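**Student:** for reference, the sequence and a predicted model appear below.
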Amino acid sequence: MPENIARLPNLPHKQERIDMAAAFRWTERYNLHESVANHFSLAVNDDGTQFLMNPNQMHFSRIKASDLLLLDANDPDTLNKPDAPDITAWGLHGAIHRHCPHARCAMHVHSIHATVLACLADSNMPAIDQNTAMFFNRYVIDENFGGIGTDEEGERCAQLFQNPAHKVMIMGNHGIMVIGNSVADTFNRMYYFERAAETYIRALQTGQTLRILSDEIAEKTAQELDDYPDQAEKHLSELKAILDHEGADYAA
């Protein structure tokens, strides 16, 4: 048994909890978080309606595997319980796990460059390099921000994710929601979307004409990256190895 699993108390979904905790720790290290305001979730049953999520307003740098809440998207009393999640997190993630079984993992952040992109009148991100091409035809833009994250916001966002090709939602005037089939897949995509947004925003700041890839090359590049073997898994595995080497308590 791996050492980090042996360290975790007798709770269900041990490996999933450990992966989530590592993702929280590195989201903070990469400065993709915002105070105690953002939230990740991971489905743990077949239809996706039961999911792990971070506790209400706990800083990502302190979250441990055993801290994660186990929630049911179809439980109407969730917000009335003593360990209730953040109301905005419940509104967004509850709706996604209720309506989008393909969204096994969902990560919502207000990372700096992705949020700048979300604030532009045209939030499309042209393919100008390998990272931006990675998301060609693979994101959707929410144009109807209506507040911090009510049930109505969640239902609307869940409907925008009905197309399985869309892995990132650029939430206009808000931030991003990234989905995937595992913690590693989703975390890797979130990391690269922020890098892509930074490249695009910095390119715009030069005021020079952008060198935009053709649709054919952009799609070819995106598909090649979709098919690249084990990159997301190795990314998260290496990050966990760093935490383990440091003696971090994320797996506790």
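**Tutor:** Everything's here; your move.
**Student:** could you use CA atoms for every contact and neighbour count after this?
**Tutor:** Noted.
**Student:** got phi/psi on residue 142?
**Tutor:** The phi/psi pair for residue 142 (degrees, to the nearest 10) reads phi -90, psi 120.
**Student:** count of residues packed around residue 120?
**Tutor:** For residue 120, the neighbour count with other CA atoms under 10 Å is 11.
**Student:** can you check the pLDDT for it?
**Tutor:** Predicted confidence (pLDDT) for residue 120: 98.
**Student:** what does residue 244 give?
**Tutor:** Reported pLDDT for residue 244: 98.
**Student:** what's the neighbour count on it?
**Tutor:** By other CA under 10 Å, the residues close to residue 244 number 16.
**Student:** just the element for it, please.
**Tutor:** Using DSSP states H and E, residue 244 falls within helix 231-246.
**Student:** now tell me what touches that helix from outside.
**Tutor:** Defining contact as CA atoms under 8 Å, 6 or more residues apart in numbering, one finds that helix 231-246 is touched by 4, 19, 22-23, 26, 184-185, 187-188, 250.
**Student:** surely residue 57 is in contact with residue 36?
**Tutor:** Yes - assessed by CA atoms under 8 Å, residue 57 is found in contact with residue 36 at 4.7 Å.
**Student:** which residues does the residue positioned nearest the centre of the chain bridge with?
**Tutor:** Taking CA atoms, centre = their mean, the centroid of the chain lies closest to residue 107, which sits 2.2 Å from it. Using DSSP bridges, the bridge partners assigned to residue 107 are residue 40, residue 178.
**Student:** ok, it to residue 223 distance?
**Tutor:** Taking CA to CA, to the nearest Å as the measure, residue 107 falls 22 Å from residue 223.
**Student:** which residues in this structure form helices?
**Tutor:** For the chain, the helices defined by DSSP state H cover 3-6, 14-29, 87-99, 112-119, 130-133, 151-160, 183-205, 215-226, 231-246.
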